[in-house]
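Enquirer: here's a sequence, model it:
(one chain, ligands or ions: 1)
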Amino acid sequence: MKLKNARRLRGTVLVPGDKSISHRAIMFGAISEGTTEITNFLQGADCLSTIACFRNMGISIENKNGCILVHGKGLHGLSEPGGCLDVGNSGTTARLISGILAGQSFASSLTGDASIQKRPMKRILVPLSEMGADVSSQNGNGCAPLLFHPAKLHGVSYSSPVASAQVKSCILLAGLYADGMTSVTEPALSRNHTELMLSAFGADIKKDGAAVSVLPEPHLKGLKVEVPGDISSAAYFIAAGLLAQDAEILIQNVGVNPTRDGILKVICAMGGQVSKLNERIVSGEPVCDLLVTSSQLKGTTIEGDLIPSLIDEIPMIAVLAAFAEGVTKIKDAAELQVKESNRIHTVTENLRRMGANVTPAEDGMVICGSRSLLHGAEFDSYMDHRIAMAFAVAALALHEPCCMKDAECVNISYPSFYSDMEKLFCE
Ligand code: S3P
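Expert: The predicted structure follows:
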């Protein structure tokens with residue numbers, strides 16, 4: 001795909017619903033009693049994989065005119081799937097659904113695309129086995145396909161070696177089917193949508209310092225869930241606005257949960273102008289509108305506890321760093337290696353193609369920013385939606401011909417990304 005350049009950006013954008021919250025609303029609705037009505041659901045391929053998996057386990061899910069109705073059957077109402085569950089490209093589906101499958105009275109299996117079959121599942125197999133689950137990696141390599149057989153689950157106190165909301169959520173969901181309290185501690189706080197939403201559905205969730213615990217066999221009841229706009233999708237419009245020569249963009253209805261808003265803190269440290277307007281709470285999640293204007297950026301250091309709150313935004317932040325003046329250091333982010341692509345490699349590769357000075361490391365990268373080094377490039381998305389969107393934004397600001405291999409993979413989280421961006425072009 002040929003990528004467009006743009007010097008002037010003006011207008012308003014409404015980014016699609018949050019991916020993490022959309023997945024959870026389907027899953028929690030399916031194991032609750034009664035109907036869950038979801039508005040502003042993300043109709044991206046990953047969330048549609050979650051719908052398909054639960055339909056395959058006997059849950060009726062209507063998806064009409066932007067509104068989803070999940071007809072839940074309660075904690076023990078799922079039925080044996082007809083064949084292997086296919087999670088597509090979705091790590092969230094794979095890891096969260098595993099917590100539910102481990103507690104069922106039927107056998108099941110799950111797999112996904114080539115990327116999913118390389119992503120580490122040992123991080124959930126270890127705690128699930130500790131809980132007594134009968135779960136294994138079919139090929140013995142710690143990856144999908146995963147096989148589940150019925151087993152009695154026990155409550156555990158698990159200290160996760162990684163700050164991962166997918167791991168934490170998997171264990172908490174398995175904990176709903178255990179014989180006592182289950183608690184999880186993580187090295188830094190990851191996104192807390194599971195805790196917030198499961199509690200709203202009626203689960204007994206407690207937070208005690210760094211630990212989150214859940215009691216088994218709750219009476220979960222269907223809910224209305226209004227999904228806020230995804231800050232991870234808003235990130236591309238924020239960056240486009242900051243980098244354009246002349247921009248003023250209003251991004252409406254963006255979820256700004258403090259476990260997800262690290263990008264706003266980094267942009268502030270880089271000197272970017274983004275202001276929060278109309279702050280409110282929607283379905284238990286903080287939401288606001290973001291006003292972005294063109295800015296001169298400077299380098300910064302991103303590390304430690306901040307990393308889980310912006311892990312999916314690092315490709316976009318790395319692009320901003322290439323345009324900023326000075327050095328940006330990204331540390332403590334080894335998790336980038338095990339995302340939809342190895343994002344340390346795929347970001348480094350694409351930054352180098354556009355002339356940026358980047359040194360990769362095991363846990364991040366160092367970028368010596370300078371606009372004058374940068375030029376047009378042929379990018380490769382490596383079939384990773386976030387790489388495609390981050391470098392499409394780089395192309396906007398490069399003012400030289402650019403193109404992208406496998407640009408259509410944005411369908412995973414943002415099917416209308418390119419057309420929404422074009423609506424802001426003013427020349
Ligand atoms: C997600 C958690 C994060 C994030 C992913 C979505 C979630 O993954 O990168 O895009 O919805 O729980 P990890 O839990 O592996 O950090």
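
Enquirer: how about the residues of the chain by the ligand?
Expert: Ser20, Thr92, Ser164, Ala165, Gln166, Ser169, Ser190, Arg191, Ile311, Asp312, Glu335 (Cβ under 6 Å from any ligand atom). Any C-beta I mention is one placed from the backbone N, CA and C, and that applies to glycine too.

Enquirer: what do you get if the cut-off is 5 Å, keeping everything else the same?
Expert: Within reach of the ligand by Cβ under 5 Å from any ligand atom, the chain has these residues: Ser20, Thr92, Ser164, Ala165, Gln166, Ile311, Asp312.

Enquirer: and the strands in the stretch 251-400 of the chain, which stretches?
Expert: 273-282, 285-293, 301-302, 326-330, 357-361, 364-369, 378-380 (DSSP state E, counting those that start in this stretch).

Enquirer: make a markdown table out of these and add mean neighbour count and mean pLDDT.
Expert: As requested, those are exported to a markdown table (neighbours: other Cβ atoms under 10 Å; pLDDT from 0 to 100):
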| stretch | mean neighbour count | mean pLDDT |
| --- | --- | --- |
| strand 273-282 | 13 | 97 |
| strand 285-293 | 21 | 98 |
| strand 301-302 | 20 | 98 |
| strand 326-330 | 20 | 98 |
| strand 357-361 | 16 | 98 |
| strand 364-369 | 22 | 98 |
| strand 378-380 | 20 | 98 |
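
Enquirer: ok, back up a step: so which of the residues of the chain next to the ligand are in helices?
Expert: Ser20, Thr92, Ala165, Gln166 (DSSP state H).

Enquirer: who wins for most neighbours among the residues you listed?
Expert: Using other Cβ atoms under 10 Å as the neighbour test, those are led by Ser20, with 28 neighbours.

Enquirer: so it sits against Ser169, correct?
Expert: No. Using Cβ atoms under 8 Å, Ser20 is not in contact with Ser169, being 9.1 Å away.

Enquirer: picking that back up, okay if I get the residues of the chain next to the ligand as a markdown table plus pLDDT?
Expert: Converted to a markdown table, those look like this (pLDDT from 0 to 100):
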| residue | pLDDT |
| --- | --- |
| Ser20 | 98 |
| Thr92 | 98 |
| Ser164 | 97 |
| Ala165 | 98 |
| Gln166 | 98 |
| Ile311 | 98 |
| Asp312 | 98 |
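
Enquirer: could those residues go into TSV alongside distance to Leu48?
Expert: As requested, the residues of the chain next to the ligand are exported to TSV (distance: Cβ to Cβ, whole Å):
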residue	distance to Leu48
Ser20	15
Thr92	13
Ser164	23
Ala165	21
Gln166	18
Ile311	23
Asp312	19
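
Enquirer: I'd like the strands of the stretch 251-400 of the chain as JSON lines, with distance to Asn139 appended.
Expert: JSON lines is the format used below for the strands of the stretch 251-400 of the chain (distance: least, Cβ to Cβ, whole Å):
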{"stretch": "strand 273-282", "distance to Asn139": "42"}
{"stretch": "strand 285-293", "distance to Asn139": "38"}
{"stretch": "strand 301-302", "distance to Asn139": "36"}
{"stretch": "strand 326-330", "distance to Asn139": "33"}
{"stretch": "strand 357-361", "distance to Asn139": "29"}
{"stretch": "strand 364-369", "distance to Asn139": "30"}
{"stretch": "strand 378-380", "distance to Asn139": "28"}
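
Enquirer: mind checking these for the one nearest to Tyr236?
Expert: With Cβ to Cβ as the criterion, Tyr236 lies closest to strand 285-293 of these, at 11.0 Å.

Enquirer: now the closest one against strand 273-282, angle please.
Expert: Angle, strand 285-293 to strand 273-282, by axes from the mean of the first three to the mean of the last three Cα atoms, to 10 degrees: 160 degrees.

Enquirer: how far out from the middle of the chain is strand 285-293?
Expert: Strand 285-293 has its C-alpha centroid displaced from the chain centroid by 18 Å (Cα atoms, centre = their mean, to the nearest Å).

Enquirer: now swap in stretch 405-420 and tell me
Expert: Centre to centre, stretch against its chain (Cα atoms, centre = their mean), the figure for stretch 405-420 is 15 Å.

Enquirer: also stretch 157-175?
Expert: Distance, centroid of stretch 157-175 to centroid of chain: 16 Å (Cα atoms, centre = their mean).

Enquirer: with stretch 375-391 instead?
Expert: The answer for stretch 375-391 is 18 Å, by Cα atoms, centre = their mean.

Enquirer: got the CA coordinates for that stretch in PDB?
Expert: Extracted as PDB, the C-alpha positions of stretch 375-391 are listed here (Å, rounded to 0.1, in the frame of the first residue of the first chain):
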ATOM      1  CA  HIS A 375      13.600  10.000   4.600                       C
ATOM      2  CA  GLY A 376      10.800   8.100   2.700                       C
ATOM      3  CA  ALA A 377      10.900   4.300   3.100                       C
ATOM      4  CA  GLU A 378       9.400   1.000   2.200                       C
ATOM      5  CA  PHE A 379       8.000  -0.300   5.500                       C
ATOM      6  CA  ASP A 380       7.000  -3.900   6.500                       C
ATOM      7  CA  SER A 381       4.200  -4.400   9.000                       C
ATOM      8  CA  TYR A 382       5.400  -8.000   9.600                       C
ATOM      9  CA  MET A 383       1.600  -8.700   9.900                       C
ATOM     10  CA  ASP A 384       1.500  -6.700  13.200                       C
ATOM     11  CA  HIS A 385      -1.300  -4.200  13.300                       C
ATOM     12  CA  ARG A 386       0.500  -1.800  15.700                       C
ATOM     13  CA  ILE A 387       3.600  -1.800  13.500                       C
ATOM     14  CA  ALA A 388       1.400  -1.000  10.400                       C
ATOM     15  CA  MET A 389      -0.300   2.000  12.200                       C
ATOM     16  CA  ALA A 390       2.800   3.400  13.800                       C
ATOM     17  CA  PHE A 391       4.700   3.600  10.500                       C
END
